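Chemist: Here you go, sequence then predicted model.
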Amino acid sequence: MDVVDEIKAIVGTHPIVLFMKGTTAYPTCGFSDRAVKALQAAGASFHAVNVLADPRIRAGLPHYSNWPTFPQLFLLGEFIGGCDIVEDLHAAGELKRMAADVAEADS
C-alpha cells in the first residue's frame with residue numbers, strides 16, 4: 001500500500017487522529033506532549049499514531065497535509081493543524097466543542 005493511501009486509511013478510519021512523536025503515555029517531544037494534554041483536557045477521544053515507529057508515515061505526512069512539523073491533528077479526515085493551533089483551539093474552548101461534535105457525528 002502506498003503511504004498516501006495508508007495515511008488516508010488512518011484518517012478515514014478514526015474520527016480524531018493525532019500524528020505525533022512517541023505515544024500518548026510517553027511523548028518524545030514537548031510539542032506532542034502539549035497537543036496530547038490539550039486533547040485530553042478537552043475530553044477528546046482520539047487515535048494516536050507514533051510517526052517515529054513508521055519512517056514512511058513520518059516522511060509522507062508532511063507532503064499529504066502540506067504541514068512540515070509534528071504533531072498533526074486531523075478531525076473527520078480534515079487537517080486541523082499542529083501544536084500551537086491545537087493549544088489555541090483548546091484555550092478558546094473550541095477544541096472541546098469540536099471533539100463533542102465529532103463524537104456526536106460518529107455515534
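Modeler: It's in. Numbers count the residues shown, from 1 in each chain.
Chemist: worst-scoring helix or strand of the chain, pLDDT-wise?
Modeler: helix 94-106 (a mean of 89; mean pLDDT, DSSP states H and E).
Chemist: and that helix, what other elements does it pack with?
Modeler: helix 30-41, strand 72-75, helix 83-91 (3 or more C-beta pairs under 8 Å, 6 or more residues apart in numbering; DSSP states H and E). For the C-beta atoms, the positions are set from N, CA and C on the backbone; glycine is no exception.
Chemist: rerun that using 7 Å as the cut-off
Modeler: Using 3 or more C-beta pairs under 7 Å, 6 or more residues apart in numbering; DSSP states H and E, the elements in contact with helix 94-106 are helix 83-91.
Chemist: Could you list the low-pLDDT ranges of this structure?
Modeler: Applying pLDDT under 70 to the chain flags residues 107.
Chemist: For stretch 42-50, list every residue counted as buried.
Modeler: Within stretch 42-50, the residues that count as buried by 16 or more other C-beta atoms under 10 Å are 42, 44, 46, 48-50.
Chemist: chain center to it, what's the gap?
Modeler: Centre-to-centre, stretch 42-50 and its host chain are 7 Å apart (C-alpha atoms, centre = their mean, to the nearest Å).
Chemist: end-to-end on that stretch?
Modeler: The first residue of stretch 42-50 is 21 Å away from its last residue (C-alpha to C-alpha, to the nearest Å).
Chemist: Run the angle between the least confident helix or strand of the chain and helix 30-41 for me.
Modeler: Calculated by axes from the mean of the first three to the mean of the last three C-alpha atoms, to 10 degrees, helix 94-106 forms an angle of 60 degrees with helix 30-41.
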